[in-house]
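A.B. asks: I'd like to go over a predicted model; first the sequence, then the structure.
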Amino acid sequence: MADEPILVLAATGGQGGAVTDALLDRGVRVRALVRDPRRAAARALADQGVDVVAGSLGDRDSLAAAMRGVAGVFAFTTPFEAGPEAEVDQGRSILAAAATARVLHLVFSSVAGADQHSGVPHFDSKARIEAELALSDVPHTILGPTYFFDNALGGAERIASGVLELPLPPDRPLQQLARPDLGAFAANVLLNPARYVGHRIELAGDAPTPSRMAAALGAALGREVRHEQVPLTAITDPDMHAMWTFLNGPGYRVDIAALHAAHPEIRWTGFADWAHSAFA
């Protein structure tokens, strides 16, 4: 199967795009499932030699068609368009399609902490998909990324004005990950399935406190950035409130030192380096 492509679902999104980039960097043939091949992001993939096919995470037929004749699949689901139940349905469609197409290796991107009974809706929906995947006959690996560095970009204007808003105490570490590091790790898993099939691996590159994050952002911007703790009561979205309650409580539990020692081939970007590239 060395000449067969690897299928990336949601390839124009943040995670799918990172995996696609990492595979292309390794000279791997990539097939990308996108909702609309006419969109600029999809055309850009095609210009890089990616085989772009139309489909939906909820459409078993288009998924199964895209999965035929591939060496592996990177799968991603999301609750942020239609809710957690829709995400579980996406997972079921992906699993059914993978079984129909006899996929040799499915890499599912879940979330760190999904196995902790956190009560976070978008963690629990992924936990349900993980449970159904474990009961299936589809050879698989589960990846659990932590909080992404570039989530900070949602507050880029405030950061540029000198304030990092986070609903965490200033000295509370927050395990985080660079998307390109997820992409590199997922590419390694897809290209070396025998080493990873049956494993669940949580991923983090750094665990800065909000104070350290603010200092790094300030150094990148060349001005003072201070952390401002947002009260949990100010977070009105139930899913986000539950997530930040979890992160103020048990939080992620990645053994970062052990992970990095076991996988020295990943560059494991630190927050300060990411901040410099994103804001300098």
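C.D. replies: Arrived safely.
A.B. asks: list the buried residues of stretch 5-21.
C.D. replies: 5-13, 15-21 (16 or more other CB atoms under 10 Å). Every residue, glycine included, has its C-beta placed from N, CA and C.
A.B. asks: no no, stretch 126-139
C.D. replies: So for stretch 126-139, counting by 16+ other CB under 10 Å, buried means K126, A127, R128, I129, E130, E132, L133, V138, P139.
A.B. asks: give me the mean pLDDT for stretch 71-79.
C.D. replies: For stretch 71-79, the mean per-residue pLDDT is 95.
A.B. asks: next, the distance between the ends of that stretch.
C.D. replies: 27 Å (CA to CA, to the nearest Å).
A.B. asks: for stretch 218-232, same thing?
C.D. replies: Counting by CA to CA, you get 25 Å between the two ends of stretch 218-232.
A.B. asks: now stretch 190-210
C.D. replies: 34 Å.
A.B. asks: ok so, going back, please narrow the buried residues of stretch 126-139 to those residing in helices.
C.D. replies: Among the buried residues of stretch 126-139, the ones falling in helices (DSSP state H) are K126, A127, R128, I129, E130, E132, L133.
A.B. asks: returning to that earlier point: which member of the buried residues of stretch 126-139 is positioned nearest A66?
C.D. replies: Here the nearest of the buried residues of stretch 126-139 to A66, counting by CB to CB, is V138; it sits at 15.1 Å.
A.B. asks: surely the closest one touches L106?
C.D. replies: Yes. When contacts are counted by CB atoms under 8 Å, V138 is listed as touching L106 (5.2 Å).
A.B. asks: now for these two: what residues contact both?
C.D. replies: L95, A98 (CB atoms under 8 Å, 6 or more residues apart in numbering).
A.B. asks: how about P145, phi and psi?
C.D. replies: phi -70, psi 150 (degrees, to the nearest 10).
A.B. asks: any idea what it is bridged to?
C.D. replies: L203 (DSSP bridges).
A.B. asks: per-residue pLDDT, it?
C.D. replies: According to the model, P145 scores 98 on pLDDT.
A.B. asks: try E265
C.D. replies: 96.
A.B. asks: how about the one 10 residues further on?
C.D. replies: We note a pLDDT of 98 for A275 in this prediction.
A.B. asks: the one 4 residues further on now?
C.D. replies: The pLDDT attached to F279 in the predicted structure is 93.
A.B. asks: quick one: residues contacting it.
C.D. replies: Contacts of F279 by CB under 8 Å, 6+ apart are A156, I159, A160, L217, A220, L221.
A.B. asks: from the residues you listed, which would you call buried?
C.D. replies: I159, L217, A220, L221.
A.B. asks: from what I can see the last one touches R158, true?
C.D. replies: No. Under the criterion of CB under 8 Å, L221 makes no contact with R158, lying 11.9 Å away.
A.B. asks: now do the SS call for A114.
C.D. replies: coil (DSSP: H, G, I helix; E, B strand; the rest coil).
A.B. asks: correct me if wrong: it contacts H122.
C.D. replies: No. A114 lies out of contact with H122 (CB under 8 Å); the separation is 9.1 Å.
A.B. asks: so these two - more neighbours on which side?
C.D. replies: Set side by side, A114 and H122 show more neighbours around A114, with 23 against 20, by other CB atoms under 10 Å.
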